[in-house]
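Student: what's the 3D shape of this:
(chains A, B, C and D)
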Number of protein chains: 2
Amino acid sequence: MRIGEIAALVGLTTRAIRHYHHVGLLPEPERRPNGYRAYSVRDAVLLARVRRLTELGLSLHEVRDALADDAGRELAEVLVELDADLARQEADIRERRCRFSALLAEPPGATGPLSPPLAALLAQAPRTDSPSAAKDREYLTLMDATGSDSQEVFALLGPLVADPSVVELYERLDALAEAPADDPRIAPLAADLMAAVPEELFAAIPEDGAVVTGFKEALLAEYAPAQAEVVGRLMDAFMERGRG
Amino acid sequence: MRIGEIAALVGLTTRAIRHYHHVGLLPEPERRPNGYRAYSVRDAVLLARVRRLTELGLSLHEVRDALADDAGRELAEVLVELDADLARQEADIRERRCRFSALLAEPPGATGPLSPPLAALLAQAPRTDSPSAAKDREYLTLMDATGSDSQEVFALLGPLVADPSVVELYERLDALAEAPADDPRIAPLAADLMAAVPEELFAAIPEDGAVVTGFKEALLAEYAPAQAEVVGRLMDAFMERGRG
DNA sequence: GCTTGACCTTGACGCAACGGCAGGGTTTCT
DNA sequence: AGAAACCCTGCCGTTGCGTCAAGGTCAAGC
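Tutor: As a prediction, this is how the structure comes out:
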C-alpha cells in the first residue's frame, strides 16, 4: 500500500502518518524503487492501534510506551493516570460552567465579573459622579480580583460606604484637582478622611512589602498634586498603623 | 510599578504580561529612563480583567474581543459559545472515561481494545496455532478498528468460525507455505474455501475502490507464493461478486 | 508525444500560551 | 566592591499535526 491508501484504510491523514515516522512512533517502512513508502498489513494493524489509543486521549509519547513492550502493564498504569486527569478536567469544566451561568444570569455593568461581597458593597454605595469615587471603585474591583483576603476589607467597608457624608469627602477631594500642592485645604481633608476610616480597617489592609511600595507610587501618579498629598498621607497612615 | 510588582499584584508571571504586550492584548506602558516598564493602576485593573477572563477559559483572542468595545454584548456571545464548547468537552470526557473503565475491567489479550462483536466472535473460534488463522484474526481486528460497517460482517462470520471444519482449511493453507506457485493443491483448496463462505458475505464486504487494490497487494505480499495464489483467487471472487 | 491530474517526496513554517534560558544592564544592600 | 535581585531583548521548546512550497512519478486521455 502507498501512504494515501493506508491512511484512508485506518482513518488517518498522510501527514499524521509521516509525523509518526518522524517522531519515531512507527518505523519507516521499506521503499519502492520510486521512493514511495510501501506499507504492509502489519503497519495497518499498528496504525489502527495507534489511532485507537490517541482517540482515547493518550499522547504520542504514552502511545509509544503502551505499544512498546508489556502492553498490558504499562497501558493500565497510563489509563489510570489519564482517568484521574480527566476527572480533574471534568470537575474543572463543571466549575467553569457554573461560573458562566452565574455571569450570564446577572450582567450588572461593563466592569466585568464581580465577587458577591463586592457587588453587595457597590450596590449599597450612594450614587455619585465624583471622579475620586470612581477611582476608588476601580481600586476595589482590583482588590477583588487580586487580593485573597479582600472579603474582610469589604465587610469593614460596609458601614463606611453606607454613610452619605462620605460623598462630601469625595467632593472635597475632587475640588483639589487644579489646586497647588500647598493648598490649605489638604491637611483638614486628610484629617477628616482618617477620622472616617474605622480603626479595624488599618489592620486589615494586607502588607505585601515591595509590591505595596510600587503600587503606592503608581496610585499617587493618578492624582493631581494636591490630591496626591491627601491620598499619600492616608496611605502613609495605613502603612504605619498597619505595622503597629 | 515595575513589571514584577504588577505581576505579583494581579497574580500573573512577568513572562505572561510581556507576552500580552507582544501579542497586542495590552499596549506597552511608558518606560522609565532606565528602560523598565512603568505600570499604572489602570494597567493593573486591565490585567486583573484579563486574568479573570482567561481563567474562565477564554482564549487571548476572545479576551481581546471581550475587552475591546461593548464588553457586555460580545462577552455574552462568547460565553454562550464557550459554554456549548465546554458541554461538548464534558460529554467527550465522560465517554472516554466510560471506555477507560471498560478497558480496565477486561484485559483479555495484548492486542489492544476490541469491539464487543469481535470479542464475541473470537471467543467463539476454535483454538488453533495455524499461522494463517492468526493472520486472519489480525485482519479482523484491523477491520474492527477501521471499518465502519464491520458489524454485519462479524455477524455473518459467526456461523463460519463456529464450524470446526474450518480449522482443516487453515491447515491446508498452512501446508502450502513452502510449495511452488503451481502446486496442484491450490485449485481445490480455493474451491473449498469459496464454498465455505456464505453467499451474503460476498455482498457485505465494503468496496473502497483504490484502497482495496492497494490493500490486496499488501495482503498477498504476506503469504508464500502458493498461499498467495489461493488467497488471491478468493479475493478476486469477493471483488467480482461484490460488484455483481 | 504531451498534457493533466492525482499521487508521492522532503523541508520548513504556523498554531496557543506561555516557560526557560542566554547574555547583558541597573539598582540596592552589605 | 561584590553579591542579590531586579529588569531588558530575543530565541528555542512544547503538542500534534495543518499547510504550503517546490518538486518527482505514474496512469489515462488527446
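Student: Can you give me the distance of the spatially closest residue to residue A:133 that is not a sequence neighbour to chain B?
Tutor: Distances taken as CB to CB, 6 or more residues apart in numbering or on different chains place residue A:170 nearest to residue A:133, at 4.5 Å, with adjacent residues excluded. C-beta coordinates here come from the backbone N, C-alpha and C atoms, glycine included. Per CB to the nearest CB, to the nearest Å, residue A:170 is found 17 Å from chain B.
Student: so how many other residues sit close to residue A:170?
Tutor: 20 (other CB atoms under 10 Å in any protein chain shown).
Student: where exactly do the helices run in chain A?
Tutor: Ranges of helices in chain A, per DSSP state H, are A:3-10, A:14-22, A:41-55, A:60-68, A:71-105, A:116-124, A:131-146, A:150-162, A:165-174, A:186-196, A:199-204, A:210-220, A:225-243.
Student: Wait, residue A:135 touches residue A:224, no?
Tutor: No - with contact defined as CB atoms under 8 Å, residue A:135 and residue A:224 do not form a contacting pair (11.7 Å).
Student: who's more crowded, those two?
Tutor: Counted by other CB under 10 Å, residue A:135 and residue A:224 do not tie: residue A:135 has more neighbours, with 19 against 15.
Student: can you tell me the residue of chain A closest to DNA strand C?
Tutor: residue A:4 (2.6 Å; CB to the nearest atom of the strand).
Student: Return the residues in contact with that residue.
Tutor: Residue A:4 makes contacts with residue A:14, as judged by CB atoms under 8 Å, 6 or more residues apart in numbering or on different chains.
Student: Please report how far it lies from DNA strand D.
Tutor: According to CB to the nearest atom of the strand, to the nearest Å, residue A:4 and DNA strand D sit 11 Å apart.
Student: Give me the helices and strands touching the helix or strand bottoming out on mean pLDDT in chain A, please.
Tutor: The helix or strand of chain A with the poorest confidence is helix A:199-204; it has a mean of 78 (mean pLDDT, DSSP states H and E). Secondary-structure packing of helix A:199-204 (3 or more CB pairs under 8 Å, 6 or more residues apart in numbering or on different chains; DSSP states H and E): helix A:150-162, helix A:225-243.
Student: what residues does chain A put near DNA strand D?
Tutor: A:13, A:15-16, A:19, A:33-35, A:54, A:59-61, A:210 (CB under 7 Å from any atom of the strand).
Student: farthest pair in those residues?
Tutor: A:33 and A:210 (70.4 Å; CB to CB).
Student: Among the two, which residue is more densely surrounded?
Tutor: A direct count of neighbours by other CB under 10 Å for residue A:33 and residue A:210 places residue A:210 higher, at 11 against 6.
Student: Do you know the pLDDT at the more buried one?
Tutor: Note for residue A:210: predicted pLDDT of 63.
Student: which one in chain A is furthest away from the centre?
Tutor: Relative to the C-alpha centroid of chain A, counting by CA atoms, centre = their mean, residue A:33 is the outermost residue, at 56.8 Å.
Student: quick one: that residue and residue A:22, what's the gap?
Tutor: 23 Å (CB to CB, to the nearest Å).
Student: Please point out which parts of stretch A:90-101 sit buried.
Tutor: A:90, A:93, A:96-97, A:100 (16 or more other CB atoms under 10 Å in any protein chain shown).
Student: Just give the closest residue to residue A:27, not the sequence neighbours.
Tutor: residue A:21 (7.4 Å).
Student: State the pLDDT value of that neighbour.
Tutor: At residue A:21, pLDDT is 96.
Student: is it true that it touches residue A:28?
Tutor: Yes - Residue A:21 is in contact with residue A:28 according to CB under 8 Å; the separation is 5.1 Å.
Student: before we move on, back to that, wait, doesn't the residue nearest to residue A:133 sit right on residue A:128?
Tutor: Yes - counting by CB under 8 Å, residue A:170 touches residue A:128, with 6.4 Å between them.
Student: Just list the residues touching the closest residue to residue A:235 other than its chain neighbours, thanks.
Tutor: Spatial nearest neighbour of residue A:235, chain neighbours left out: residue A:216 (5.5 Å); criterion: CB to CB, 6+ apart. With contact taken as CB under 8 Å, 6+ apart, residue A:216 is in contact with A:232, A:235, A:239.
Student: Quick one, which of these are buried?
Tutor: Here, 16+ other CB under 10 Å leaves A:232, A:235 buried among the contacts of residue A:216.
Student: Enumerate every residue touching residue A:153.
Tutor: A:143, A:147, A:201, A:204-205.
Student: Kindly apply the preceding question to residue A:175 instead.
Tutor: Here residue A:175 is in contact with residue A:185 (CB under 8 Å, 6+ apart).
Student: Using CSV, write down the CA coordinates of stretch A:131-138.
Tutor: Backbone C-alpha positions of stretch A:131-138 (Å, rounded to 0.1, in the frame of the first residue of the first chain) are rendered in CSV as follows:
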residue,chain,number,x,y,z
PRO,A,131,-14.2,61.1,39.8
SER,A,132,-12.4,60.2,43.0
ALA,A,133,-15.2,57.9,44.0
ALA,A,134,-14.9,56.3,40.6
LYS,A,135,-11.2,55.7,41.1
ASP,A,136,-11.9,54.1,44.5
ARG,A,137,-14.5,51.8,42.9
GLU,A,138,-11.9,50.8,40.4
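Student: Tell me where the model's unsure across chain A.
Tutor: A:70-75, A:106-113, A:148, A:206-211, A:242-244 (pLDDT under 70).
Student: tell me which parts of it are close to DNA strand C?
Tutor: So chain A meets DNA strand C at A:2-5, A:14, A:18, A:35-37 (CB under 7 Å from any atom of the strand).
Student: Against chain B, how distant is the closest residue to residue A:185 other than its chain neighbours?
Tutor: Sequence neighbours aside, residue A:176 is the residue nearest to residue A:185 in space, at 6.5 Å (criterion: CB to CB, 6+ apart). Relative to chain B, residue A:176 is positioned 19 Å away (CB to the nearest CB).
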